[in-house]
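K.L.:
Quick one, fold the following:
(3 chains)
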Amino acid sequence: MIQAMQPPTSPPASINELLARCQAIAGLSLGELAHMANVVIPANLQRHKGWPGMLVELWLGASAGSKPQQDFPELGVELKTLPIDTHGLPLETTYVCFAQLLMPPGMTWETSNVRNKLQQVLWLPIEGDRSIPLADRRVASGFLWRPNHEENAVLKTDWQELTDAIVTGNIDTITARQGEALHIRPKAANGSVLTDAFGHEGEKIKTRPRGFYLRKSFTAQILQRAFA
DNA sequence: TGATGATCATAA
DNA sequence: TTATGATCATCA
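P.N.:
Numbers count the residues shown, from 1 in each chain, chains lettered A, B, ... in the order given. Have a look, this model is predicted:
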C-alpha cells in the first residue's frame, strides 16, 4: 500500500533523518515519485539527462538548484544516484566534479575537490535498464559510503597521476583510459566549448573542459561491499 | 558490446 | 563560463 507523500521542504537535520527519507522512497518508482511531487515525467532522458538525480534531490531535501559544493553541507554528505542493471551492476560511470585545469599551487589530494566530494557519499541505486520505461524504474535502498584505506589509496594515486599531467601541461595527452578508479573525460555542452589550461611551457592554452568520473568497476565494488 | 569521447538541460 | 544533474552515441 502506497501512502501519498510529499517531498520535504527543509534539509535533513541529521544523517539519520537523511537515511530515513531514503528508506521512505526505497522501492518506489520514478513515476510515483514524480507524480506525488507534481513533476512532469520526460518521455526519455535524451534531453533530460539529469532528471532522475534532480527528482531524488527533491525527495531527500537537498538544496534545489546547483551549488558548487556537497548536496548536504551541514552533514558533509554528497548525494549520487547510480543507474544499475538487473544484476545490480552500474550501467554508467559516475560524474564527480569538474577538473580544475588551472590548478592552484599547493593543491594536494587532501585538499582536492574530488576528495571533498567523495569523503562521504549517499549512494542511491536506481534501475536504469533502457528496456524499463522511465516512469517504471524503481529506486533501490540508499546507503552511506566512506572510502576505506584501500579505496582511498587507489583514488589518490589516480588523482595524482592525472593532476600531474594537468600541471605539467599535458592535459591534451590525457585519455579516459588512464586511471584505475578515477579517470578524466570531456565535460561540456558540446565540442566547441573551450577553457584555459596550461601548455608545456606554462603558457595558457585553450582546451575542452574536463571532469573527473568514477569507473563502473569501482562503483561496482562499492555496491558489492554495501550489499554483500 | 562496452568504454570513450561527446552531448543535453538548467542555474547563477 | 562554470557548475550542477548525468546519459547518449559512436567506434574500436
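K.L.:
Can you list the buried residues in the longest helix seen in chain A?
P.N.:
Longest helix in chain A by number of residues (criterion: DSSP state H): helix A:149-167. For helix A:149-167, burial by neighbour count (16 or more other Cβ atoms under 10 Å) applies to A:151, A:154-156, A:158-159, A:162-163, A:165-167. For glycine as for every other residue, the C-beta is placed from the backbone atoms N, C-alpha and C.
K.L.:
Same check on stretch A:126-134?
P.N.:
By neighbour count on 16+ other Cβ under 10 Å, the buried set for stretch A:126-134 is A:126-128, A:134.
K.L.:
which residues pair with the residue nearest to A:K117 when sequence neighbours are not counted across the strands?
P.N.:
Closest residue to A:K117 apart from its sequence neighbours, by Cβ to Cβ, 6 or more residues apart in numbering: A:E78 at 5.0 Å. Beta bridges link A:E78 to A:V121 when assigned by DSSP bridges.
K.L.:
mind checking how far A:L58 is from A:A37?
P.N.:
Distance from A:L58 to A:A37, counting by Cβ to Cβ, to the nearest Å: 6 Å.
K.L.:
Tell me which of these two has more neighbours.
P.N.:
Neighbour comparison, A:L58 and A:A37: the larger count goes to A:L58, with 16 against 13 (by other Cβ atoms under 10 Å).
K.L.:
What residue, apart from its backbone neighbours, is nearest that one spatially?
P.N.:
Among residues not flanking A:L58 along the chain, A:P7 sits closest, at 4.9 Å (Cβ to Cβ, 6+ apart).
K.L.:
do you know how far A:A37 is from A:H200?
P.N.:
51 Å.
K.L.:
same question, A:D164
P.N.:
The gap separating A:D164 from A:H200 is 14 Å, by Cβ to Cβ.
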